[in-house]
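[1] One predicted model, sequence on top.
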Amino acid sequence: MPRPEAELLEIVKSLRASVRELKNWGIRDFINSPRPPVSASVPPAPAPAAEPSPLAAADTRELFPDLAPKTASRPPALPAFRSLEEIQELLKDCSRCRLSEQRNRLVFGVGNPHAEILLVGEGPGHDEDLKGEPFVGRAGQLLDKILAAINLTRRDVYIANIVKCRPPENRVPLPDEVETCRPFLAAQILCINPRLTVSLGAPATNALLGNKQPITQIRGKFLTYRVPRPGQADWQGILLPTYHPAFLLRSPGRKRESWEDFKALREELLNPGSKSGKTNG
Ligand code: SF4
């Protein structure tokens, strides 16, 4: 038999932890509207069972148990932001993880803030770090060509990364770095509300989906991914994993598969549901 007092105690503990966490993120005015008091005699209704949110910390710990911080707790979803500029302002001079130490410029993201298509890479490289813009080196030039092949330009899409600062020597971001930075990607996603998201390469795909399936097995498939929202059910989006352009430069033989993926993206954009089976509306 559940004990309401014990449950309430747990809720209070959890709320206190969330408030502490939000303050750690530099957010202090997150309570915008008064909430009804919780009645001590009526325990809260159990939340409907939901699949784990891929952008929540727990998944990364499951994904990389050896590297994940042992004491980390699931970070709260950041409060809703009115604009990308608000998120960018919050990230200004960010030093929440070690990637801040060697960066030249933080690479927040570029493009149409109301884009139907969001492209997500793993992190900035050398050129991006110098310019403060994602995908500006050779891989970026290839991405531009790929977009042009389906009649799109950078102005039509939004481009962001899982981590906003360059990992040294272009290494893959470590799980704790991903865990620290991805609430900001989650906030970007909620602001943009893209109809379709394309993850470029395995690290971005794994971070968004919370799984570790090889990119060769899931590329080209339209999948569902989730983003936690404060006080609401998770946001759900359609994800199309594909190869990272830098990988295509090293393995040009894979370009045909990538081309198939982007053709499918174009088809889905023109005829919602034709490839994904979902209208996302
Ligand atoms: S990678 Fe993200 S969390 Fe880490 S310092 Fe850069 S902006 Fe902050």
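    On my side now, so go ahead.

[2] Helices along the stretch 51-200 of the chain, start to end?
    57-63, 84-91, 126-131, 138-149, 175-192 (DSSP state H, counting those that start in this stretch).

[3] now for those helices, which one comes closest to the ligand?
    helix 175-192 (3.2 Å; CB to the nearest ligand atom). For glycine as for every other residue, the C-beta is placed from the backbone atoms N, C-alpha and C.

[4] ok, now which ones touch residue 121?
    Counting by CB atoms under 8 Å, 6 or more residues apart in numbering, residue 121 makes contact with 134-135, 159-162, 200-201, 204, 244.

[5] remind me which residues of this protein are low pLDDT?
    The chain contains residues with pLDDT under 70 at 1-79, 279-281.

[6] Quick check: residues of it near the ligand?
    Residues of the chain lying near the ligand by CB under 6 Å from any ligand atom: 91, 94-97, 99-100, 106, 163-165, 177, 180-181.

[7] Just name the closest of the residues you listed to residue 120, please.
    residue 163 (10.8 Å; CB to CB).

[8] ok, that closest one - how many residues close by?
    28 (other CB atoms under 10 Å).

[9] And it, how close does it get to residue 85?
    20 Å (CB to CB, to the nearest Å).

[10] if we can go back for a sec, now the residues of the chain next to the ligand: which count as buried?
    Buried subset of these (neighbour count, 16 or more other CB atoms under 10 Å): 91, 94, 96-97, 99, 106, 163-165, 177, 180-181.

[11] can you pull the contacts of residue 243?
    200-201, 215, 219, 251, 254, 257-258, 261.

[12] Oops, could you answer that again for residue 184 instead?
    Residues near residue 184 by CB under 8 Å, 6+ apart: 78, 87, 90-91, 164.

[13] so which of the helices of the stretch 51-200 of the chain is the most packed in?
    helix 175-192 (a mean of 23; mean count of other CB atoms under 10 Å).

[14] In this structure, what residue spans correspond to strands?
    For the chain, the strands defined by DSSP state E occupy 110-111, 117-121, 157-161, 196-200, 223-229, 232-242.

[15] now those as TSV including distance to residue 150?
    Below are those laid out as TSV (distance: least, CB to CB, whole Å):
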stretch	distance to residue 150
strand 110-111	15
strand 117-121	10
strand 157-161	10
strand 196-200	11
strand 223-229	20
strand 232-242	12
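
[16] okay, those, which one's buried deepest?
    Ranked by mean neighbour count, the strands of the chain are led by strand 117-121 with a mean of 26 (mean count of other CB under 10 Å).

[17] Provide the strand pairings for that one, with the direction of each partner.
    Strand 117-121 pairs in its sheet with strand 157-161 (parallel), strand 196-200 (parallel), by DSSP bridges.

[18] Just want to check the distance between residue 203 and the ligand.
    The gap separating residue 203 from the ligand is 13 Å, by CB to the nearest ligand atom, to the nearest Å.

[19] re the thing from before, just the buried residues from the contacts of residue 243, in PyMOL please.
    The PyMOL command for the buried members of those (criterion: 16+ other CB under 10 Å) is given here:
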select buried, resi 200+201+215+219+258+261
